[in-house]
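Novice: only geometry, no sequence info:
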Ligand code: MEV
């Protein structure tokens, strides 16, 4: 190994060929170079390996340079009544209060008509970004003539997708020269049915790029300069404002009454005001939407979808007016409280990790093998439930009460509390507000 060479110094030299080392050698190198107690580091990394070699190999091969697995809990939130049917939603997340809040909101709404979820549309987008120097009307004429060839050249890529009812919906030429000189796009819309469609879309786009260059080169009416189209890049867009799902809850204001909501009219009004603040105030909107993403990301991760793509697309959507704003809305009309959310979600229930990761398969089975549209509904509902839970706490008792109650376990684990200490702590903090320092002081006193 390179690290054993006497003059090797990781601080000022790259390590060439790291990816070619065996997993064991990678771990040895990391342990030796970065840890004061290399054997402990190695033991910890190996402790998180799966005892089933087949499962471990699967995880090793998801990415490059895998040294171990990184756990986050997979929890479930039961009692979600969605479009008249009960479901249990799997959620993979590390934040203490998220699953508890989802389950509580699900139970609350299950006795008030449940959630309604509707997929509004399912269009995905991809673009070929290119430069063209010349007469724009000639480019437009060229595109009109070549358009059918773009479809013909991708026929072998789209055949299977077409059998499933999907494919390329439209190809447009877009003139972007007002933004960057000579900049144009092929702006393409797709229907990808139950797959997220990234590979399908990118394969089509790369073929479009080749077709564009070839056809332009052979187009007699173009000058030599006009023929010389330069494709800058071809890639799907994670901004999918026409792939929208709506989730909603609604009930007469009086029905909002429960143990913690003694004055439902006041609660509903404060709730609507809290949403209005997130609609107009970006500082609040970001945190408000972060709470929604607590629910959304947890289901996205449990079902093997790409949470970075979803996050990027949703936040772009939240900014579509030019100002970052709330994803959810609420109103009171004729004594009825209505609370809803609209989010763009490009999801898949086939392809990608969905058939590879054993826990993703399990999560999808728990959701009764949903179509992509059904998964969009579950995810949006989880986001709305989370937002309801957060706003209910924020506008009544405050967030810390519930949050710290859930976080108590983490504090006790940090302090390595014994079973007896845990009993004492729980008893004490039933009557007192939980805070980190309060728990530390209490345990320190017990230990005196
Ligand atoms: C914490 O993870 C999420 C909240 O801050 C969301 C919100 O403020 O609406 C509680």
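Specialist: Great, that's in hand. Only a predicted model underlies this, so the values are computations on that prediction, with no experimental measurement involved. Numbering: from 1, shown residues only.

Novice: Going by C-alpha atoms from here, please, whenever you check contacts or count neighbours.
Specialist: OK.

Novice: and the helix or strand residue 108 falls within, average pLDDT?
Specialist: Counting by DSSP states H and E, the element that carries residue 108 is helix 98-110. Computed over helix 98-110, the mean pLDDT rounds to 97.

Novice: burial count for the residue of the stretch 301-448 of the chain found nearest the ligand?
Specialist: When scored by C-alpha to the nearest ligand atom, the stretch 301-448 of the chain has residue 390 as its residue closest to the ligand, at 4.9 Å. Residue 390: 23 surrounding residues under other C-alpha atoms under 10 Å.

Novice: can you list the domains in this structure?
Specialist: Per the record, the chain has its domains at 5-60, 76-119+244-397, 124-237, 403-447, by automatic domain parsing.

Novice: First-to-last residue distance for the shortest one?
Specialist: When the termini of domain 403-447 are compared using C-alpha to C-alpha, to the nearest Å, they are 26 Å apart.

Novice: What of the second one?
Specialist: Here the two ends of domain 76-119+244-397 are set 25 Å apart, with distance taken as C-alpha to C-alpha.

Novice: can you start the count at 28 instead of 1 from here on
Specialist: Right, with 28 as the first residue, what we last looked at is domain 103-146+271-424.

Novice: starting at the chain centroid, how far to it?
Specialist: Taking C-alpha atoms, centre = their mean, to the nearest Å, the mean C-alpha location of domain 103-146+271-424 is offset from the chain mean by 13 Å.

Novice: Check which residues of stretch 235-246 are buried.
Specialist: Neighbour counts using 16 or more other C-alpha atoms under 10 Å place 235-236, 238-240, 242-244 of stretch 235-246 among the buried residues.

Novice: Would you format those as JSON lines with distance to residue 119, pLDDT and secondary structure included?
Specialist: As requested, the buried residues of stretch 235-246 are exported to JSON lines (distance: C-alpha to C-alpha, whole Å; pLDDT from 0 to 100; DSSP: H, G, I helix; E, B strand; the rest coil):
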{"residue": "235", "distance to residue 119": "38", "pLDDT": "98", "secondary structure": "helix"}
{"residue": "236", "distance to residue 119": "39", "pLDDT": "98", "secondary structure": "helix"}
{"residue": "238", "distance to residue 119": "43", "pLDDT": "98", "secondary structure": "helix"}
{"residue": "239", "distance to residue 119": "43", "pLDDT": "98", "secondary structure": "helix"}
{"residue": "240", "distance to residue 119": "45", "pLDDT": "98", "secondary structure": "helix"}
{"residue": "242", "distance to residue 119": "48", "pLDDT": "98", "secondary structure": "helix"}
{"residue": "243", "distance to residue 119": "49", "pLDDT": "98", "secondary structure": "helix"}
{"residue": "244", "distance to residue 119": "51", "pLDDT": "98", "secondary structure": "helix"}
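
Novice: For this protein, give me the ranges with low pLDDT.
Specialist: 28-33 (pLDDT under 70).

Novice: can you list the residues of it near the ligand?
Specialist: 314-315, 317-318, 417-418 (C-alpha under 6 Å from any ligand atom).

Novice: Tell me which two of those residues sit farthest apart.
Specialist: 317 and 418 (12.2 Å; C-alpha to C-alpha).

Novice: give me the beta-bridge partners of residue 263?
Specialist: Residues in a beta bridge with residue 263, per DSSP bridges, are residue 153.

Novice: Go ahead and confirm it touches residue 229.
Specialist: Yes: counting by C-alpha atoms under 8 Å, residue 229 is a contact partner of residue 263 at 6.0 Å.

Novice: Show the subsequent helix or strand relative to the biggest helix by length in the chain.
Specialist: For the chain, the longest helix by residue count, based on DSSP state H, is helix 399-422. Following helix 399-422 in sequence order, the next helix or strand is helix 426-441 (DSSP H and E).

Novice: next helix or strand past that next one?
Specialist: helix 446-458.

Novice: any idea how far the ligand is from the nearest residue to residue 173 once chain neighbours are set aside?
Specialist: Spatial nearest neighbour of residue 173, chain neighbours left out: residue 242 (7.1 Å); criterion: C-alpha to C-alpha, 6 or more residues apart in numbering. Using C-alpha to the nearest ligand atom, to the nearest Å, residue 242 is found at 52 Å from the ligand.

Novice: wait, isn't residue 242 in contact with residue 174?
Specialist: No: judged on C-alpha under 8 Å, residue 242 makes no contact with residue 174 at a distance of 10.2 Å.

Novice: Contacts for the helix holding residue 135, please.
Specialist: Here helix 125-137 makes contact (C-alpha atoms under 8 Å, 6 or more residues apart in numbering) with 102-108, 118, 141-142, 276, 321-322, 409, 412-413, 415-417.

Novice: ok, 6 Å please
Specialist: 104-108, 412-413, 416 (C-alpha atoms under 6 Å, 6 or more residues apart in numbering).
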